[in-house]
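> Predicted coordinates and the sequence they were generated for:
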Amino acid sequence: MEKVKIDDFGKLNYLSDLTCSPDGKAVAFVMSQADVKENCYKSAIWVMEDGKCRRLTTGGSESAPMWLDEEHILFPGDRKKAHKAAPGQAVTVYNIINNICCFLSCNKTSVWKKNPLL
């Protein structure tokens, strides 16, 4: 039996934060993988529906998805680092994504809309 090496951890995916949609037809979850070179974990939100998994985010540090309804998922994260807390205060920025979506950016506003290719 071969010894486990540190690089072996970068080959594994870890699932967490599994949450069912209100109608029970889909599951959102976070998939994380160790980045050995950068000494951190990279994570993304995925959805499994009808036996198929789709990646919804690519920011690298998403977590804690929550269903708002059957189509919209809320998750924390200041993706553009645009919201700074005043001294002594904490700020949590939430993003909303549509279960079938693509990301568009216009000016300083992020917009999610249906992807005609899916």
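That came in fine, so what should we check first? Numbers count the residues shown, from 1 in each chain.

> Residue 32 is in contact with residue 40, isn't it?
No. Using Cβ atoms under 8 Å, residue 32 is not in contact with residue 40, being 10.0 Å away. (C-beta placed from N, C-alpha, C; glycine too.)

> pLDDT below threshold where in the chain?
For the chain, the stretches flagged by pLDDT under 70 are 78-86, 89-118.

> can you pull out the strands in it?
Taking DSSP state E as the criterion, the chain carries its strands at 13-20, 26-35, 40-49, 52-55, 66-67, 72-76, 94-98, 102-106, 109-113.

> From the structure, what's the count of residues near residue 63?
For residue 63, the tally of surrounding residues (other Cβ atoms under 10 Å) stands at 16.

> Could I get the phi/psi values of it?
The phi/psi pair for residue 63 (degrees, to the nearest 10) reads phi -160, psi 170.

> Quick check: closest non-adjacent residue to it.
Excluding its sequence neighbours, the residue lying closest to residue 63 (Cβ to Cβ, 6 or more residues apart in numbering) is residue 30, at 5.5 Å.

> I figured that neighbour hits residue 19, correct?
No. Counting by Cβ under 8 Å, residue 30 does not reach residue 19; the two are 9.6 Å apart.

> Which one's more surrounded, the two?
residue 30 (21 against 14).

> that older thread, so for residue 6, which of the strands of the chain sits nearest?
If you check each of the strands of the chain against residue 6 by Cβ to Cβ, strand 26-35 wins as the nearest, at 8.9 Å.

> Give me the residues contacting the closest one.
9-10, 12-21, 40-49, 55-56, 62-65, 67, 70, 73, 99 (Cβ atoms under 8 Å, 6 or more residues apart in numbering).

> Wait, residue 74 touches residue 45, no?
No. Using Cβ under 8 Å, residue 74 is not in contact with residue 45, being 10.5 Å away.

> When these two are compared, which one has more neighbours?
More neighbours surround residue 45 than the other of residue 74 and residue 45, with 24 against 13 (other Cβ under 10 Å).

> Name the residues linked to the more buried one by a beta bridge.
Bridge pairing for residue 45 (DSSP bridges) gives the partners residue 30.
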